[in-house]
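Participant: only geometry, no sequence info:
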């Protein structure tokens with residue numbers, strides 16, 4: 001995929017770690033100039049920028065607290081400061097996870113999940129759609145849990161189910177401009193958010209529910225994000241693509 005996004009500008013939210021980090025690096029490898037967004041992990045985000053530049057790519061850093069109601073507007077306002085007013089690719093990856101039984105779920109936790117996982121991508125689409133070039137691409141990050149019951153993830157899964165709905169509405173709204181809006185739905189991926197993968201029991205349980213017998217890696221998802229951002233996916237929009245190793249078939 002090297003070079004197929006040359007000349008494109010991509011913004012990746014939550015790009016300091018995990019899937020976001022892998023996506024930023026993969027987009028840069030494909031030739032895009034990448035804007036690396038972070039919320040709190042500045043040092044990790046700076047290391048992503050440094051890795052991209054060391055490999056000959058172009059990357060800039062931008063910060064915004066997407067848990068805040070004003071976070072999307074703040075991020076949009078910061079783009080001109082780094083000389084990036086227009087975008088071709090928007091990867092809405094920033095998210096938080098949380099598990100709790102129905103009877104134990106706290107309102108504060110529910111609000112946190114919805115603020116970051118749903119409100120922020122919704123408002124970012126609102127703030128940045130006018131800056132997206134016609135023919136551009138938006139990729140959101142959903143989850144296997146939006147389609148299947150997985151543990152005590154009812155609140156988290158609800159936010160991701162709402163993201164799937166947002167994708168369809170945004171695809172319809174932006175379609176006349178040739179802008180495609182899709183999502184990837186990862187299964188269990190070996191990231192800092194997935195504590196499940198860090199134990200023997202967790203790995204065994206993961207492999208038991210998958211057709212492909214290994215634990216997914218951030219690069220597995222990042223490569224599909226690059227595909228959806230590229231001209232190769234020119235006739236795909238409003239879709240949520242499972243990237244889960246054949247989980248819970």
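Facilitator: Nice, thanks for sending it over. Since the model is a prediction, treat every value here as computed from it, not as a measurement.

Participant: switch to C-alpha atoms for all contacts and neighbour counts from now on
Facilitator: Noted.

Participant: so which elements touch the helix or strand bottoming out on mean pLDDT in the chain?
Facilitator: Across the helices and strands of the chain, mean confidence by mean pLDDT, DSSP states H and E is lowest for helix 200-208: a mean of 86. Here helix 200-208 touches no other helix or strand, going by 3 or more C-alpha pairs under 8 Å, 6 or more residues apart in numbering; DSSP states H and E.

Participant: please point out which parts of the helix or strand following that helix sit buried.
Facilitator: Per DSSP states H and E, helix 200-208 leads on to helix 218-229 as the next helix or strand towards the C-terminus. For helix 218-229, the buried set under the neighbour-count rule, 16 or more other C-alpha atoms under 10 Å, comprises 218, 219, 220, 221, 222, 223, 224, 225, 226, 227, 228, 229.

Participant: and the helices in this protein?
Facilitator: 18-29, 42-54, 71-78, 107-114, 120-128, 154-174, 200-208, 218-229 (DSSP state H).

Participant: just the ones you listed: most buried one?
Facilitator: helix 18-29 (a mean of 26; mean count of other C-alpha atoms under 10 Å).

Participant: show residues contacting that helix.
Facilitator: Under the criterion C-alpha atoms under 8 Å, 6 or more residues apart in numbering, residues 1-3, 5, 10, 12-15, 33-36, 48, 51-52, 57-59, 93-94, 191-192, 218-219, 221-223, 225-226 lie in contact with helix 18-29.

Participant: related to what we said a few turns ago, quick one: closest of the helices of the chain to residue 99.
Facilitator: helix 154-174 (7.3 Å; C-alpha to C-alpha).
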